[in-house]
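Chemist: Take this sequence and fold it.
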Amino acid sequence: MATRRDCLKISLAAAIAAAFPHGRLLAADDGPLLTRAIPSTGEPLPLVGLGSSATFSQVARGEDSDALRDVLQALVEGGGTVFDTAPSYGASEEVAGELARALGITDRLFWATKLNVAGRGDDAKADPAQAREQIETSFARLGKARLDLVQVHNLADIPTHLAVLRELKAAGRVRYVGVTSTSKPAYPRLLEVMRNEEIDFIGVDYAVDNRDVEDTILPLAQARRIGVLVYLPFGRTRLWSRIGERPLPEWAAEFDARSWAQFMLKYVAAHPAVTCVTPATSKARHMVDNLGAARGRLPDAAQRQRMAEFIDALPAAG
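Modeler: I've put the predicted structure just below:
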C-alpha cells in the first residue's frame, strides 16, 4: 500500500512533469543539497530554503492554495527544510501552517517566523503582553509546540522583543532567536545589536547587485558566530528586469549554475557567512530550480567577482 510520503512524491513528480514537459529540471543533479552549519550550535541547514513574502504572500491571500501546496512539497521532497515567514506577510504564516499539516510535513520543516508588535520607527515601543500574544498566534498557526527560529522583525524595540524571545528560548519553546533588517539606513543599528546582544541569527537583504552587507555585516556575523538568512536574493524583481532575455553566460557552468535563478542564488550562498538563502516563490518549478543552487559547485572568490562585474555592467532596471 502506498504511504502518504509515496503519494506526495507521485503528486510532486506530476507537478514537475507538467512544469517541465521536456523532462529538463533546472537542478544540477539529484544529489543531496549543500548545507551550512548554524554557527551557535553546528546544526546543518540546507543552503537554499523558501521565503513567503512577495508572490507567496499574494497567492496566500487567494482562495486557491494548490500552488503553494505544490511549492511546499517541492521544497521538502527536494531536500529543503527552511521556511521563513512572518505575521506581517498577509496570510502566508497561517496558510503555510495549514498546508504543512495537510501534507504531513510540519515536523520536516525548519520554521522561521518573526515578532513585531511595535511597528516601524526607532521610537516605536512594544507591549510585552501583545508580543506574547502575537507569538502564541504564530505557534497556533504553524501547529508547533516549539518553533525553530523567531527573529525581531525590522529591529523593532529590541529590548522588549528580545526579552520575550529569550524567555521562550529558556523555556524550550523557541530554539533560536535573532533580528532582521532589509533597510540600509538601519544597518548601523543592526551592527550595534550584533555587537551587543547574544543572538543566533540575523536576516538581511543580499544580492549580486546589492552587496553592502559584505563590507561589515557579514564579517561581523562570522566573528560573532551569528547565522545569516538571506532575503531578497533577486532584489524582488529588480535583477530579473536587468537580465531581461539575455542568455546565461557559458562560464556559469563552471560552478554548475544552469539558470539565472541559480546564478543569483549561488552568488550569495557562496559567501561563507551565509547560512541559508530564502527566495520566495509561488511556483513549484521555481522552487525546484532554486534548490538546484544548493547542488554542485559554488563559485570561488574570482568567479564571484566576475559574476558581480557582469551584473554591474548591465543597464539598471527602469
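Chemist: going forward, measure contacts between C-alpha atoms and count neighbours the same way
Modeler: Noted.
Chemist: So which elements touch the longest strand along the chain?
Modeler: The residue-count maximum for a strand in the chain (DSSP state E) belongs to strand 174-181. The elements that strand 174-181 packs onto, with contact taken as 3 or more C-alpha pairs under 8 Å, 6 or more residues apart in numbering; DSSP states H and E, are strand 147-152, helix 158-170, helix 187-196, strand 201-205.
Chemist: how far does the first one sit from the chain's center?
Modeler: Strand 147-152 has its average C-alpha position 13 Å from the chain's average C-alpha position, going by C-alpha atoms, centre = their mean, to the nearest Å.
Chemist: what lines up beside that strand in the sheet?
Modeler: strand 110-115 (parallel), strand 174-181 (parallel) (DSSP bridges).
Chemist: And those strands: which comes nearest Ile38?
Modeler: strand 174-181 (9.8 Å; C-alpha to C-alpha).
Chemist: neighbouring contacts of that closest one?
Modeler: Applying C-alpha atoms under 8 Å, 6 or more residues apart in numbering, the contact partners of strand 174-181 are 146-155, 162, 165-166, 168-169, 187, 190, 199-205.
Chemist: quick one, that strand and strand 201-205 angle?
Modeler: For strand 174-181 against strand 201-205, the angle by axes from the mean of the first three to the mean of the last three C-alpha atoms, to 10 degrees is 30 degrees.
Chemist: just how off-centre is stretch 151-167 within its chain?
Modeler: The answer for stretch 151-167 is 20 Å, by C-alpha atoms, centre = their mean.
Chemist: Next, find the distance separating Ala269 from Gln305.
Modeler: 14 Å (C-alpha to C-alpha, to the nearest Å).
Chemist: which one is Arg236 nearest to, not counting chain neighbours?
Modeler: Ala54 (7.7 Å; C-alpha to C-alpha, 6 or more residues apart in numbering).
Chemist: Tell me how far the one you found lies from Ala100.
Modeler: In terms of C-alpha to C-alpha, Ala54 sits 19 Å off from Ala100.
Chemist: With Gly296 instead?
Modeler: With C-alpha to C-alpha as the criterion, Gly296 and Ala100 are 28 Å apart.
Chemist: In contact with Glu93, which residues?
Modeler: Neighbouring residues of Glu93 by C-alpha under 8 Å, 6+ apart: 52, 85-87, 138, 141-142.
Chemist: Confirm that it sits in a helix.
Modeler: Yes - if the criterion is DSSP: H, G, I helix; E, B strand; the rest coil, then Glu93 is within a helix.
Chemist: Show me what stretch 146-153 is in contact with.
Modeler: 110-116, 139, 158, 161-162, 165, 172-181, 201-202.
Chemist: Report the buried members of those residues.
Modeler: 110-116, 139, 158, 161-162, 165, 173-181, 201-202 (16 or more other C-alpha atoms under 10 Å).
Chemist: Looking at Ala269 and Gln305, which has the bigger crowd around it?
Modeler: For Ala269 and Gln305, the more surrounded residue by other C-alpha atoms under 10 Å is Ala269, and the numbers stand at 28 against 13.
Chemist: Model confidence at the more buried one, what's the number?
Modeler: On the pLDDT scale, Ala269 is placed at 98.
Chemist: Quick one: residues contacting it.
Modeler: 47-48, 275-277, 294, 298.
Chemist: Can you add pLDDT and neighbour count and give those back as CSV?
Modeler: Shown next, in CSV, are the contacts of Ala269 (pLDDT from 0 to 100; neighbours: other C-alpha atoms under 10 Å):
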residue, pLDDT, neighbour count
Leu47, 98, 28
Val48, 98, 33
Thr275, 98, 27
Cys276, 98, 27
Val277, 98, 32
Ala294, 98, 31
Leu298, 98, 23
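Chemist: Pick the one among those closest to Arg225.
Modeler: Once C-alpha to C-alpha is applied, the member of the contacts of Ala269 that ends up nearest Arg225 is Thr275, at 10.9 Å.
Chemist: which residues touch the closest one?
Modeler: 35-38, 45, 47, 227-229, 269.
Chemist: could those go into JSON lines alongside secondary structure?
Modeler: Shown next, in JSON lines, are the contacts of Thr275 (three-state DSSP):
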{"residue": "Thr35", "secondary structure": "strand"}
{"residue": "Arg36", "secondary structure": "strand"}
{"residue": "Ala37", "secondary structure": "strand"}
{"residue": "Ile38", "secondary structure": "coil"}
{"residue": "Leu45", "secondary structure": "strand"}
{"residue": "Leu47", "secondary structure": "coil"}
{"residue": "Gly227", "secondary structure": "strand"}
{"residue": "Val228", "secondary structure": "strand"}
{"residue": "Leu229", "secondary structure": "strand"}
{"residue": "Ala269", "secondary structure": "helix"}
